[in-house]
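Chemist: Provided below are the primary sequence and the corresponding predicted coordinates.
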Amino acid sequence: MTAPADRVAPAAGGRGSRSPRGGLGPRDASRRAPRPTGNRWRAVVWGVVGVLALAVLWELYKLVGPADGWLVGAQEGVTGSGIRLLPRTSDQAMPHTWDMVARVIEPVTRAQGALPLGVVVLLAALTSLGVAALGWLVGVVVGFALALLMLGFRIAERAVLPFVILSQTVPLIALAPLIRNWGSRLEFGAFSWESWMSVVIIASYLAFFPVAVGALRGLQSPDAAHLDLMRSYAAGWWTTLFRLRLPASVPFLIPALRLAAANAVVGTVVAEISVGFTGGIGRLILETAVAASSDPAKPWAPILGAVLLGLVAAGFVALLAAFLSPFRRQETVA
């Protein structure tokens, strides 16, 4: 016996008794319970505890670890030989956490009127965040467009998906100079290729892959019974896409967007170093690394800034996931 429409459609759309034509059922209000605020504060507290625990482990290893690290297979008189299994714990290699925190509020250089290092890192992180966000957006659009293409045409899935997977095997450090070289040769009237455009292309190159694979998996996730129900309503391809496939793809799409955001940040930082884009957090890491011998705490500030940049990107996707949470797939018990 065929199940009634109001019992089959909710499992695909995940919004109570939503019918294929849209609209909320009478039971939706009772099922949407607000998330307790205590859980959110508990997550914040555990995040702070995790950061403090990492600082304690850092200082503990610095206290008990070997000053020169632990080398395996080193040859006497040969510089650079052997494999270092444990890092060095000297002040030059591992400065104290309080020294790194104190260095953040100090001027970046000894020049008159120099900004504090923390302000410089913040400005560089904001620049990289804007470039990474643009690269993430381009990657999401391209990845979702490829997913729709592979969904609509089975032959396109067989032809395109292997190349999508193969694209991620190209070393990024080798691809970045090529993109900059190709972009610099483009001429469209008064248009000139800027270095930040190369960074956006590289960030989107890393971001589109998880979106394409995750979106395709999500769009193909509805059961055959739900697709047959949409056909019985004479729903077209686009109606089925918006009413059934897109809501059903949310549980697959959110992890893909989160991974794409992380890839966009990594691609931005690496590309800034490779193409010579100034003003970003990646270039700042390279510039401060030169002063590691005389100012060992200074290079750690932009590294922590890159970590915070990744956390901000993950937080943005978490907000997006909260916005899309009503569309998560749920099973309805009759």
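Modeler: Cool, the structure landed.
Chemist: mind listing the helices for this structure?
Modeler: 5-13, 28-31, 37-64, 97-104, 117-152, 154-167, 172-184, 195-219, 224-232, 237-240, 246-275, 281-289, 300-324 (DSSP state H).
Chemist: The fourth one - contacts with which helices or strands?
Modeler: Right, helix 97-104. When contacts are defined as 3 or more C-beta pairs under 8 Å, 6 or more residues apart in numbering; DSSP states H and E, helix 97-104 sits against helix 37-64, helix 117-152, helix 300-324. Glycine gets a C-beta too; all of them are placed from N, C-alpha and C.
Chemist: swap in the longest one?
Modeler: Contacts defined by 3+ C-beta pairs under 8 Å, 6+ apart place helix 117-152 against helix 97-104, helix 154-167, helix 195-219, helix 246-275, helix 281-289, helix 300-324.
Chemist: Kindly report the same for the last one.
Modeler: Taking 3+ C-beta pairs under 8 Å, 6+ apart as contact, the helices and strands that helix 300-324 lies on are helix 97-104, helix 117-152, helix 246-275, helix 281-289.
Chemist: Ok, which of the ones you listed comes nearest residue 170?
Modeler: helix 246-275 (12.2 Å; C-beta to C-beta).
Chemist: Could you check how far the closest one is from the centre of its chain?
Modeler: 4 Å (C-alpha atoms, centre = their mean, to the nearest Å).
Chemist: What are the buried residues along it?
Modeler: Neighbour-count burial for helix 246-275, with 16 or more other C-beta atoms under 10 Å as criterion, is recorded at 246-254, 256-275.
Chemist: Identify whichever of the helices and strands packed on helix 300-324 lies nearest to residue 311.
Modeler: Short answer: helix 246-275, nearest of those by C-beta to C-beta, at 9.6 Å.
Chemist: Can you check which of the helices of the chain gets nearest to residue 71?
Modeler: helix 37-64 (16.8 Å).
Chemist: Show the average pLDDT along the closest one.
Modeler: Computed over helix 37-64, the mean pLDDT rounds to 84.
Chemist: and the residue nearest to residue 138 when sequence neighbours are not counted, what is it in contact with?
Modeler: In space, and not counting its chain neighbours, residue 138 is closest to residue 204: 3.8 Å by C-beta to C-beta, 6 or more residues apart in numbering. Residue 204 makes contacts with 135-139, 142, 264, 267, as judged by C-beta atoms under 8 Å, 6 or more residues apart in numbering.
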